[in-house]
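Engineer: test case, fold it:
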Amino acid sequence: MPRHTVPSLQAFVATCVAGMGWAMQPQTLIQAELQAGTLVELVPHTPLDVPLHWQQARAGSALLDGLTRCVTEAARGVLVG
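Structural biologist: Down below sits the predicted model:
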């Protein structure tokens, strides 16, 4: 079947804004488009929450431990849940 590949999240949102499809995107990524009305919820007020997981190699390192802390702290600040 024919298909299109979109190289990034932002480009995928842009294709949806252009009317080329629909998508499930993190609310933080599309908040401006929702407020502007360029994107709309297909089923209003019906969020679909999914668990997210962070994985890292068993062979830990100070660099990976620091990255894990940064990602976890950033996620707590912006994700709903």
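Engineer: ok, and what's touching stretch 65-75?
Structural biologist: Leu52, Trp54, Gln56 (C-beta atoms under 8 Å, 6 or more residues apart in numbering). (C-beta placed from N, C-alpha, C; glycine too.)
Engineer: most neighbours out of these, which is it?
Structural biologist: Gln56 (12 neighbours; other C-beta atoms under 10 Å).
Engineer: counting neighbours, what do you get for the closest residue to it other than its chain neighbours?
Structural biologist: Distances taken as C-beta to C-beta, 6 or more residues apart in numbering place Leu64 nearest to Gln56, at 5.2 Å, with adjacent residues excluded. By other C-beta under 10 Å, 12 other residues sit near Leu64.
Engineer: re earlier: of the contacts of stretch 65-75, which one scores lowest on pLDDT?
Structural biologist: Minimum pLDDT for the contacts of stretch 65-75 is recorded at Gln56 (81).
Engineer: OK, contacts around that one?
Structural biologist: Leu64, Leu67, Thr68.
Engineer: now the helix or strand hosting the last one, how far from the centre of its chain.
Structural biologist: According to DSSP states H and E, Thr68 maps onto helix 62-78. Offset of helix 62-78 from its chain centre (C-alpha atoms, centre = their mean, to the nearest Å): 17 Å.
Engineer: residue closest to the middle of the chain?
Structural biologist: The centre of the chain sits closest to Pro26, judged by C-alpha atoms, centre = their mean, with a distance of 3.8 Å.
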